[in-house]
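Trainee: can't give you the sequence, but here's the structure:
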């Protein structure tokens, strides 16, 4: 981890306010989630205590708090990423303009909180619970938010978390969007580099390679739970994605179809930007995000 990550994170906290305070009430909050996946000293002080998660909350300044309003739960991208204003401020602004409140957690494994928190990563495991706990915190804190109109959204690693939330907790969300989602960790380990694979087999993480524990990697993969889909879902992918190979997303789509599930999907053909194609500031990206917002609105807007 870059030793300057905590400094950069503090600076980015300031940037969030500067970039969005004209349109949104911006806050950073802390809540308790589940205990760490790995506890080195189970007899030490505080062993087994819930992990503290930080999250950003955004509420449109024009939102009428006298009425029930919809909420979006955003899971950020990146194996060890975080809720970055550089990557997400323009998208959060669009969500404010659409009239959604948003919570975006820096779930366990996120950078900017020291090496210890980064090493808490639990890919496809307890990080899913961290994001779900953020949703619960937001609904408890703000009584004007409608628990029946909550959407899940995320790209890449965040797309995996989004899928896992709705597949494992089908009653929690009214709708979901998964952009270029990691969907099959067994397949992914087959096409990624040894250095990437090593981040999963590290002792502080899964602890074994996919060869040594295929079942564990399956357990953390959305494709394993395709039969459980009960939430309206839109999936996007791109044929020239250099990170999450389109084959991985296609396999997820085929698995859902094989289970007879109703959902929507679109695979873009060589869209400029590859993995980032619809998170850019281009017309194609904006048009693609309009497709997302139109889909979400069908289930979140009165």
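Mentor: Yep, that arrived. Quantities reported herein were computed from a predicted structural model and do not represent experimental measurements. Residues are numbered from 1 along each chain as shown.
Trainee: And the most centrally placed residue in the chain, what's its pLDDT?
Mentor: Centroid-nearest residue in the chain, with Cα atoms, centre = their mean: residue 75, separated by 2.1 Å. For residue 75, the pLDDT comes out at 98.
Trainee: Report the contact partners of it.
Mentor: Counting by Cβ atoms under 8 Å, 6 or more residues apart in numbering, residue 75 touches 104-105, 107, 131, 152-154, 157-159, 161-162, 165. For the C-beta atoms, the positions are set from N, CA and C on the backbone; glycine is no exception.
Trainee: Name the nearest of those residues relative to residue 217.
Mentor: Nearest to residue 217 among the contacts of residue 75, counting by Cβ to Cβ, is residue 157 at 14.7 Å.
Trainee: Do I have it right that the closest one meets residue 82?
Mentor: No: between residue 157 and residue 82 there is no contact, the gap being 11.3 Å when judged by Cβ atoms under 8 Å.
Trainee: if we can go back for a sec, can you give me phi and psi for the residue nearest to the centre of the chain?
Mentor: The phi and psi values for residue 75, taken as degrees, to the nearest 10, are phi -100, psi 120.
Trainee: Which parts of the stretch 1-150 of the chain are helices?
Mentor: 5-20, 85-97, 115-118, 126-141 (DSSP state H, counting those that start in this stretch).
Trainee: Mean neighbour count, those: which tops it?
Mentor: helix 126-141 (a mean of 21; mean count of other Cβ atoms under 10 Å).
Trainee: I'd like to know the average pLDDT value across that helix.
Mentor: In this model, helix 126-141 carries a mean pLDDT of 98.
Trainee: Now stretch 225-232: buried residues?
Mentor: By neighbour count on 16 or more other Cβ atoms under 10 Å, the buried set for stretch 225-232 is 225, 226, 229, 231, 232.
Trainee: tell me which of the residues you listed is nearest to residue 247?
Mentor: Nearest to residue 247 among the buried residues of stretch 225-232, counting by Cβ to Cβ, is residue 226 at 15.9 Å.
Trainee: Am I right that the closest one is in contact with residue 255?
Mentor: Yes: counting by Cβ under 8 Å, residue 226 touches residue 255, with 3.9 Å between them.
Trainee: Low-confidence bits of the chain, can you list those?
Mentor: Within the chain, the segments meeting pLDDT under 70 span 1-3.
Trainee: again, only using 80
Mentor: Residue ranges of the chain with pLDDT under 80: 1-3, 302.
Trainee: for it, longest strand please?
Mentor: Among the segments of the chain that qualify as a strand by DSSP state E, the longest is strand 145-155.
Trainee: so what does it touch, helix or strand wise?
Mentor: When contacts are defined as 3 or more Cβ pairs under 8 Å, 6 or more residues apart in numbering; DSSP states H and E, strand 145-155 packs onto strand 69-75, helix 126-141, helix 157-168, strand 175-179, helix 283-300.
Trainee: Now distance to residue 275 too, for those, in JSON lines please.
Mentor: As requested, those are exported to JSON lines (distance: least, Cβ to Cβ, whole Å):
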{"stretch": "strand 69-75", "distance to residue 275": "16"}
{"stretch": "helix 126-141", "distance to residue 275": "20"}
{"stretch": "helix 157-168", "distance to residue 275": "11"}
{"stretch": "strand 175-179", "distance to residue 275": "10"}
{"stretch": "helix 283-300", "distance to residue 275": "12"}
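Trainee: who wins for proximity to residue 218 among the ones you listed?
Mentor: That would be helix 157-168 among the helices and strands packed on strand 145-155, by Cβ to Cβ, at 12.6 Å.
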